[in-house]
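> turn this into a structure:
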Amino acid sequence: MSQSVESPQGAQGKLESVVKSIRDYGDNPSAFLAVNEGNEHFEGSGQGVITYRRAGGYFIQFGGVFAAKEQQRTLLEEFGRYARSQRRKIVGIQLQQTDVGLFAAAGFTVNQVGSSYSVHLPEFTLRGTKFMKLRNKISRAKRSGLEVRELPYDEDVRNRIGEIDRHWLRSKGKHVKEIEFLVGQVGGPAQEYRRLFVGLIEDRPVAYISYSPAYGSRPGWLHDLSRRLPDVMPGVMEAINAAAIERFTEERAEWLHFGFTPFTGLDLACEVPGNSALTGKFMRLLAEKGGSVYPAATQLAYKEKWGPHSVLPEYLAFQGGASFGAIWQVLRVTKSI
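Below is the predicted model of the structure:
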C-alpha cells in the first residue's frame, strides 16, 4: 500500500533513499532540490519517489516522478489516490518535456511555465568578443582583492555565510520573504552532497554560490543558491562562478545547469495539446509585468551572459484542469507572494 512519508530532519536513511531515487531516475537537472528540508516524499508500492509540499487544497508536486520509466505511471496513479484520500488535487511544477506525456495521459492540463538554462562545459570558453564584458567584470572584481575558495561547510563558515544571508535579505526590504521550494538550501543533512564556493576580501566572506549535484542524461552541477553582501562590487558573483567552472572542467564534469527561471522562454510552439489558453495568457502577462512577483528578468540576464548551450521549456500540470486558485497556491508555497 502506498504511503506518504514526511522527511524529518536528521533522517539519514530517508535522505539516502530519496537521493538514490534522484540519482537512479532523476533526469531533471534541478532534481536535487527534492531533498530540501520542508519537503514531503511519497513512496508507492514499487521503487521511486514523488516530492511535494502541501498548500491549501493542493499537493504541489516538484520535478516529475522520480522512478523507472515503466513504474512512473503506477507511482503517479498511487499518488493521485493518496491525494484524493486527503481531499486534495495535484499541481506539478518544474516538469520536463519528458514528463509531459505521462501527466497529459493521466488527465492533467499541461502548460509551459518557464525555461531552464545550461552550459555544456567541454564546449565552454570565456574567450572571444562575446564574453568581453563578462571577462572585464571578473577582472575588476579580482583587482579589488577578491579571492575565491571552495570551503567546507563547518561551523565557522556557517556563521559567516549566515551573516551574508541576513544582510542580503534585509537589503530586499522588510516585507520581502525568502523564496523557497524551487531554490536550494545551504546546510542541513543534505549538505554533504553540495559544494560551496565563497568570495572573500581580506579573508572576509562577501558572497557565495552553492552547487548541487545533477544526474541523469546531463550530469554535472546545478548553480543553486547564491548570495552577496549588498555593497559588494560588481563582478563578484561572476568571478565565483568562473572559478567553479574552472574547477568542474578540470574534474571533467559535463554540464553546469543554471536551473529554472519562471516566465522566461515562453513559446507557443512548446505548448502541448489540451493546454489552458487562459493560463498561457496569464504566464505571458507575468513575463511582461511580473517583476514584483518574481525577479525573472534579473535571473535571465545573469544566465544568458554565460552563453547557455541548452535552453529547455519547463511545465506546470493541473489535475482536474487549470485554475487561478492552483496557480495562487504555487506562488504561495514558493513564497513568491
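> list the strands paired with the top strand by length along the chain, with their directions.
With DSSP state E setting the assignment, residue counts place strand 108-120 as the longest strand in the chain. The partner list of strand 108-120 in its sheet, established with DSSP bridges, is strand 255-262 (antiparallel), strand 310-319 (antiparallel).
> any idea of the mean pLDDT in it?
The average of the pLDDT scores along strand 108-120 is 97.
> repeat that for stretch 244-251.
Averaging pLDDT along stretch 244-251 yields 98.
> same check, this time on stretch 138-152
On average, the pLDDT along stretch 138-152 is 96.
> and it, how far out from the chain's middle?
Averaging C-alpha positions (Cα atoms, centre = their mean, to the nearest Å) puts stretch 138-152 25 Å from its chain's average.
> dump that stretch to PDB, keeping only the CA atoms.
Only the C-alpha atoms of stretch 138-152 are listed here, as PDB (Å, rounded to 0.1, in the frame of the first residue of the first chain):
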ATOM      1  CA  ILE A 138      35.600  39.400 -13.400                       C
ATOM      2  CA  SER A 139      38.900  41.100 -13.800                       C
ATOM      3  CA  ARG A 140      37.700  44.200 -11.900                       C
ATOM      4  CA  ALA A 141      36.500  42.000  -9.000                       C
ATOM      5  CA  LYS A 142      39.800  40.300  -8.800                       C
ATOM      6  CA  ARG A 143      41.800  43.500  -8.800                       C
ATOM      7  CA  SER A 144      39.700  44.700  -5.900                       C
ATOM      8  CA  GLY A 145      41.200  41.900  -3.800                       C
ATOM      9  CA  LEU A 146      38.700  39.200  -4.300                       C
ATOM     10  CA  GLU A 147      39.800  35.600  -3.700                       C
ATOM     11  CA  VAL A 148      37.600  32.600  -4.500                       C
ATOM     12  CA  ARG A 149      37.900  29.400  -2.400                       C
ATOM     13  CA  GLU A 150      35.900  26.200  -2.200                       C
ATOM     14  CA  LEU A 151      35.200  25.800   1.500                       C
ATOM     15  CA  PRO A 152      33.800  23.100   3.700                       C
END
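> show me what it is in contact with.
Among residues not part of stretch 138-152, those counted as contacts by Cβ atoms under 8 Å, 6 or more residues apart in numbering are 126, 157, 195-202, 206, 233-236, 238-240, 242-244, 247. C-betas here are computed from N, CA, C, even on glycine.
> now stretch 316-326
The contact list for stretch 316-326 (Cβ under 8 Å, 6+ apart) reads 56-58, 80, 83, 89-93, 95, 99-100, 103-104, 106-113, 276, 278-279, 282, 327, 330.
> which of these fall within strands?
Per DSSP E, the subset of the contacts of stretch 316-326 in strands is 58, 89-93, 95, 108-113.
> a markdown table for those, including neighbour count and distance to residue 136?
Shown next, in a markdown table, are those (neighbours: other Cβ atoms under 10 Å; distance: Cβ to Cβ, whole Å):
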| residue | neighbour count | distance to residue 136 |
| --- | --- | --- |
| 58 | 24 | 47 |
| 89 | 20 | 50 |
| 90 | 24 | 47 |
| 91 | 25 | 43 |
| 92 | 29 | 42 |
| 93 | 24 | 37 |
| 95 | 25 | 38 |
| 108 | 26 | 47 |
| 109 | 20 | 46 |
| 110 | 25 | 42 |
| 111 | 24 | 40 |
| 112 | 26 | 35 |
| 113 | 26 | 35 |
